[in-house]
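Enquirer: Structure for this input, please:
(one chain, ligands or ions: 1)
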Amino acid sequence: MKQISTFGVSRYQIGDLQLLRNADDDTTIAKLLAPCPIMQLEADQAVTESSRARLYIVLRGSLSVATDTRTGMADGTVSKILPGESVGEQSVLDEEANLSSITALEQSEVLVIEADIVWKLIDESNVLARNLLRLLSFRIRAANAQLRRRQKLGEFYRQLSMIDGLTGLYNRAWLNDLLPTMVATAQGSHAPLALIMIDLDHFKQFNDSHGHLAGDQALRAAAHVLSSALRPTDFAVRYGGEEMMVLLPDTSDKVAVAVAERLCERMQQAVVFADMRVPLPQITASFGVATLQPGQDEQALIAAADSALYRAKDQGRNRVVHHALAV
Ligand SMILES: Nc1nc2c(ncn2[C@@H]2O[C@H](COP(=O)(O)OP(=O)(O)OP(=O)(O)O)[C@@H](O)[C@H]2O)c(=O)[nH]1
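Expert: The predicted structure is shown next:
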């Protein structure tokens, strides 16, 4: 970056600078700008870092500004600054050195205005102050829009990471996130909460006989049985390999058992297709039902449903057992 002139003796006019367009008192402004250096940059040359805040106005050529991630708002976004446009207003107002990385996109000439002169210009020119406010408001709005976009994207990925890829059911991460709240809400409002633990029967054998891909198809079919049979307020989760779980808010013992019975029956009827569209043998599952007891936490609720599930396996599989009721 080498100085080739000062604004006062250059061919450039105040009207060339967007921030000062239509300025009211040209003579005072001209006097303030006269000693400001004009620097020449070659293509790809960086604006030399200054420890002090400065305003840069492009007179010829163009600059690329990559925001620095240290600013918090920034994410390395690159913008192009064209003749008449400026960069560095915010650092002047914050009285902080510019954290952006500024590089010339082609051979360029740049007017450099030190912060103290910018403040004098603000004192002298209402037009400059107004243009500066407008510019900053535009930049804030653009930054807000970008933040909103990023927030939406973050939420999208968060949701994606809560869904099991094979079955489309919620996954364990979702359960860890949501179950404690569901349990606390139910305990707080004395509303019932039922949990059904489901495990496919002899699934190792199914995999061994028909292959892992057919096993995956069976898991998808089982998940579909659950998700298509539930109310919109219920949740189906893939708890582990071939273990699934259904959460039924506001549901009593008896209703939860009836729901589990319905799911058990539909599971036997589910048609699992292999790739050749030839149906595979039936799948069945065992169901353990538990309902939240006063003072119980989510771990105890899961453990109760799990022990009911083991009893269902013990009693011959393809059946429903309630933790406390004799089903
Ligand atoms: N295809 C497939 N199989 C899985 C997946 N996750 C777990 N499994 C299989 O599920 C089987 C579970 O076997 P076990 O826990 O022994 O139980 P089981 O054979 O179902 O027997 P019971 O539960 O006692 O009826 C294992 O063979 C796992 O490999 C998966 O994502 N896809």
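
Enquirer: Contact partners for Gly168?
Expert: Counting by C-beta atoms under 8 Å, 6 or more residues apart in numbering, Gly168 touches 220, 223, 227. Quick note: C-beta positions are derived from backbone N, CA and C, even for glycine.

Enquirer: mind redoing it with 10 Å?
Expert: Shown in contact with Gly168 (C-beta atoms under 10 Å, 6 or more residues apart in numbering): 220, 223-224, 227, 236, 238.

Enquirer: Which strand or helix spans it?
Expert: Element membership of Gly168 [criterion: DSSP states H and E] is none; it lies in no helix or strand.

Enquirer: closest to Tyr157 among the contacts of Gly168?
Expert: Taking C-beta to C-beta as the measure, Tyr157 lies nearest Arg238 of these, at 19.0 Å.

Enquirer: quick revisit: next step: the contacts of Gly168 restricted to strands.
Expert: Among those, DSSP state E puts 236, 238 in strands.

Enquirer: Buried members of the contacts of Gly168 into ChimeraX, please.
Expert: The buried residues among the contacts of Gly168 can be selected in ChimeraX (16 or more other C-beta atoms under 10 Å) with this line:
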select :220,223,224,227,236,238
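
Enquirer: need the contacts of Gly168 in CSV with distance to Ala53 and pLDDT, can you?
Expert: What follows is the contacts of Gly168, written out as CSV (distance: C-beta to C-beta, whole Å; pLDDT from 0 to 100):
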residue, distance to Ala53, pLDDT
Arg220, 59, 96
Ala223, 58, 97
His224, 61, 96
Ser227, 57, 94
Ala236, 57, 97
Arg238, 54, 97
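
Enquirer: ok, the contacts of Gly168 vs the ligand, which is closest?
Expert: Nearest to the ligand among those: Arg238, at 8.6 Å, using C-beta to the nearest ligand atom.

Enquirer: Can you lay out the contacts of Gly168 as TSV showing distance to the ligand?
Expert: Shown next, in TSV, are the contacts of Gly168 (distance: C-beta to the nearest ligand atom, whole Å):
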residue	distance to the ligand
Arg220	10
Ala223	11
His224	15
Ser227	17
Ala236	16
Arg238	9
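
Enquirer: Now the element after the host helix or strand of Asn144, going C-ward?
Expert: Using DSSP H and E, Asn144 maps to helix 126-160. Moving toward the C-terminus from helix 126-160, the next helix or strand (DSSP H and E) is helix 172-189.
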